[in-house]
Structure formats: structure tokens, C-alpha cells
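[1] What shape does this take:
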Amino acid sequence: MTNPEVPIRILYIEDERAIARFVELELRHEGYQVRLAHDGPGGLALAQNEAWDVILLDIMLPGLSGLEILRRLAADGAHAPVIMLTAKDDSSDTVQGLDAGASDYLTKPFAIEELLARIRRVLRERPRPGSDAPATRLQAGRLCLDLPARSAMVDGEPLELSRTEYDLLAFFVSHPDQVFTRDEILNAVWGPNFYGDTGNVDVYVRYLRAKIDDVYNMQIIRTVRGVGYGLKRQPASEA
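    Coordinates of the predicted model:
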């Protein structure tokens, strides 16, 4: 199953540093871990030597083109899904990239919301590296999580959750009847490189309670004073 404690890692290979920095900040804001490379050879080395969940790949790169990187990754075998980013509105580049193994493409300039949507799509369509079991579900009473699809339902009704809300909920559901400190939760869900404080945990627990407990008359996340939070294995309805 997908491990919610492992953050999603994105490699972004882009030689235009201002664009790269802007996109990096937006991705980090969404909770992704991001590594930048600004030329073809450096990007290829990172793509080949580290595990990634998604690779964002500019086509026009110094030293080695994005298309050549795609071909070399394809020759190596399995690799993370690749989303091509190109300033060329040229169908031949698109066709060559898709033929070389890219999962999707965007033409610059693009809206960050569209890029985020494309990332979510390729993540849904391909299991993450390091998953330790086939597609599965987690159940907590009336609540059900489909981990590969990154979806949640109560009584069969879909929940509209942000990425962070989903990751936090998945973390709790994966560890029923356990209590975690705010620091432990922050490290597991937001990652060790997150620079915010533990108040983020309280905020997102409130978000989940508003969307689950208040709407469906459940008590799913309990507060343990002086310690932190935990999930009840069988949340009871008070209806």
C-alpha cells in the first residue's frame, strides 16, 4: 500500500531559474518535496540515481535536451512518470516526447493550477515507487480510504479533501488506536524539511473534524491532552 509517511518527491529539470524557483515554491506549498536541476546532464544524473514520484522536464536544456533525457530514462527501464514542459508550441516535440515515454506535457506559459492537476493525475495513474503492496483500501468504521486513488469516502459518499488533509487522514487511518505528538505528526505528514510549526497540525485536524465529524456526526480523531492526537478504530455515530 502507499505509505502516507513518505512524502511525494518531484524532480524539476528547468534551466530558467526564475521559473524554476516560482514553481518550486508553489509545489512546496502543496506539500511536495522538490529538487531542482538546471541543466541536462545534472538532471539526468538525479533522475537516474534517486527515486522520484514525478519528473518535470523542460525540453530545451543546456548540455542535454529533455528529449534525450527521456530516451535515456526509457533505455534504463522503469522510471517515474515524466511531464514535459516546453516553450515550443510544436506538435513534433510533443509527439517525440510522448513516444519517448513521457506521461503528459504542458506548453509554457502554463497556469500553476493546471500543472498541479497534471501532477495529481499522473500520481493517481501510477503507483508510487516504494509501495509495499498492491492497491488496497483502509477502513475505519464508516470511513474508507482508497490509497492508490487517494480518495476518501464516508458511507460511500466522497469527501472533498485537500492533499494535506488527505495525507493527514491517511496517516491516522494507517495507525489506528495509536497516539502521536504534534511533532511526530508534523514530521510524518509535512516531512522533516518543513519549516512551519506544530500549529499546522491543529489547524488541519480542525479541518478534518469540520468535514467529517461535524457533517457525518462522527468522532474520528481524538485529542489526548498533553500528548497529541490519535484515531479511533471504530468511530461511533451519535445520530
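[2] Tell me the spatial nearest neighbour of residue 112, not counting adjacent residues.
    residue 26 (4.9 Å; C-beta to C-beta, 6 or more residues apart in numbering). C-beta coordinates here come from the backbone N, C-alpha and C atoms, glycine included.
[3] For that neighbour, which three-state class applies?
    helix (DSSP: H, G, I helix; E, B strand; the rest coil).
[4] mind checking how far it is from residue 116?
    Applying C-beta to C-beta, to the nearest Å, the value for residue 26 to residue 116 is 8 Å.
[5] Show me the domain layout of this structure.
    With domains defined by automatic domain parsing, the chain comprises 9-125, 137-231.
[6] So residue 202 versus residue 185, what's the distance?
    As judged by C-beta to C-beta, residue 202 and residue 185 stand 10 Å apart.
[7] try residue 105
    Residue 105 sits 37 Å away from residue 185, going by C-beta to C-beta.
[8] likewise residue 161?
    As for residue 161, its distance to residue 185 is 16 Å (criterion: C-beta to C-beta).
[9] which of those two has more neighbours?
    When residue 161 and residue 185 are compared for neighbours, residue 185 comes out ahead with 23 against 20, by other C-beta atoms under 10 Å.
[10] contacting residues around the residue nearest to that one when sequence neighbours are not counted?
    In space, residue 185 comes closest to residue 201 once its chain neighbours are excluded; the distance is 4.9 Å by C-beta to C-beta, 6+ apart. The contact partners of residue 201, taken as C-beta atoms under 8 Å, 6 or more residues apart in numbering, are 168, 182, 185, 186, 189, 228, 229.
[11] 7 Å - rerun?
    Residues in contact with residue 201, defined by C-beta atoms under 7 Å, 6 or more residues apart in numbering, are 182, 185, 186.
[12] all strands of this protein, in order?
    Here the chain has its strands, by DSSP state E, at 9-13, 33-37, 54-58, 82-86, 104-107, 137-140, 143-146, 151-154, 157-158, 179-181, 221-224, 228-231.
[13] Of those, which stretch is the most buried?
    With neighbours defined by mean count of other C-beta atoms under 10 Å, none of the strands of the chain is more surrounded on average than strand 54-58, at a mean of 26.
[14] Is residue 20 in contact with residue 14, as I believe?
    Yes. Between residue 20 and residue 14 there is a contact under C-beta atoms under 7 Å: 4.1 Å.
[15] ok so, going back, including mean pLDDT, could the domains of the chain go into CSV?
    As requested, these are exported to CSV (pLDDT from 0 to 100):
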stretch, mean pLDDT
domain 9-125, 86
domain 137-231, 86
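[16] among the contacts of residue 201, which are in helices?
    Residues of these located in helices (DSSP state H): 182, 185.
[17] Mind putting the contacts of residue 201 into CSV with distance to residue 35?
    Output for these, formatted as CSV (distance: C-beta to C-beta, whole Å):
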residue, distance to residue 35
182, 27
185, 24
186, 21
